[in-house]
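> predicted structure and sequence below. I'll ask about it afterward.
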Amino acid sequence: MLTLHDVTAGASKGSLDPVYVLVGTERLLIERAVNAVRQAVDSMGAPGFNLEIFDGKGLDATRVVSAARTLPMMADMRFVLVRRFDAMAPTEQNRLAEYLSDPSDSACLMMTADKLDGRSKLAKAAKKAGCLIDAKPLRGRELREFVRAEATARDHKIAPEAIETLLDAVGDDLAAIDDAMERLSLFVGAGQRIDADAVRQCVTRIRVESIWTLVDAIGLKDTRKGVAAAQSLLDDREPPLRLLAMVARQLRIVARMREALSEGLRPQEAAKRAGAPPFKAADLTESARRFTADSLGNAFALIAEADRALKGSKRPPDVVLQDAVLALCADRH
């Protein structure tokens, strides 16, 4: 199966497929792949004249197919992008599935969405055509390799401890990592090694101990402690959306730790499986003991609801976060 890296690397060499279906929430890598393909098409002649971009909500598939089958103007290929194709009606998605069986060789059609029903005709057609690409969030080793690759792309080596310090500071948000790496590159200077001290000095650091205090309060259903920990982090001017992402990241680690321990792994091995350094094994074992499968499931549902509110509600973000903490601490499952 193709990966986002394959798409980006191929496009940089001028090698393009007629269709790419990108499904997942790793938006930074998706956008890099989209931009790489668009630039590759632009390099074939008449940049900007052979570009059409659609949003899936209420979109008629015939418009997409017509755009893809239109001959390019003074160039070898057209670029057609459909964002949020999962917002299209099922019947319209089925028409796109028909196109995948016989795509135009003078167009590159890219479609992006957060999710796709694997039972749908479009999903089956994309798998059959070999153009379905999984853009799921990076975890564990893949996440650390991403940090290392970002450093290498800027001509830096990065110490393992620096990688852990950076992830503790910004979580698994790739856009935040990309921004932090750019600042670190300027901070240490061209070609210099990035160590943990550089990360501590350069990157605005979320107090990880306070995040764990908040996670522990949720596990103990201690509303007072949870609200105090959240307010302390907000007082440090940390963005509520980033704080919520950090809480979600820590809970995902707890969930993976809990699963690994249930399989009989020793704490240090379980921590490694969970995507955490071995020295965190003892704390993670205690956290895994506090959370049940039901409580974790409910916590993730509440976090998803808060995430939607932070991105689309007119309510003050700090109020949304504190309400989420209250709900997480009140949950009795």
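Right, received. Where do you want to start? Numbers count the residues shown, from 1 in each chain.
> neighbours of residue 262, how many?
The tally of other residues near residue 262 (other Cβ atoms under 10 Å) stands at 11. Any C-beta I mention is one placed from the backbone N, CA and C, and that applies to glycine too.
> could you report the distance from it to residue 252?
Using Cβ to Cβ, to the nearest Å, one gets 16 Å for the distance from residue 262 to residue 252.
> next one: residue 310
Going from residue 310 to residue 252 by Cβ to Cβ gives 18 Å.
> the more surrounded of these two?
residue 310 (21 against 18).
> and residue 315, what is it in contact with?
Listed by Cβ atoms under 8 Å, 6 or more residues apart in numbering, the contact partners of residue 315 are residue 309.
> look up phi and psi at the nearest residue to residue 163 once chain neighbours are set aside.
Counting by Cβ to Cβ, 6 or more residues apart in numbering, residue 163 lies nearest to residue 147, which is 4.9 Å off, once chain neighbours are set aside. Residue 147 has phi and psi values of phi -60, psi -40 when expressed as degrees, to the nearest 10.
> please apply the same query to residue 118.
Here is the backbone geometry of residue 118 (degrees, to the nearest 10): phi -60, psi -20.
> residue 56 versus that one, what's the distance?
Separation of residue 118 from residue 56 (Cβ to Cβ) stands at 18 Å.
> please say which of the two ends up with more neighbours.
Neighbour totals were compared for residue 118 and residue 56, and residue 56 leads with 21 against 11 (other Cβ under 10 Å).
> tell me who's in contact with that one.
Each residue near residue 56 by Cβ under 8 Å, 6+ apart is listed here: 82-88, 113.
> tabulate these (TSV), appending pLDDT.
As requested, the contacts of residue 56 are exported to TSV (pLDDT from 0 to 100):
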residue	pLDDT
82	96
83	93
84	93
85	96
86	93
87	93
88	96
113	94
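> hmm, which of the residues you listed are the buried ones?
Buried members of these, counted by 16 or more other Cβ atoms under 10 Å: 82-83, 85-88, 113.
> out of those residues, which sit inside strands?
Using DSSP state E, the subset of the buried ones among the contacts of residue 56 located in strands is 82-83, 113.
> reformat those as a markdown table; add distance to residue 166.
Below are these laid out as a markdown table (distance: Cβ to Cβ, whole Å):
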| residue | distance to residue 166 |
| --- | --- |
| 82 | 34 |
| 83 | 30 |
| 113 | 30 |
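> return the member of these nearest to residue 127.
Of all these, residue 113 has the smallest distance to residue 127: 14.7 Å, by Cβ to Cβ.
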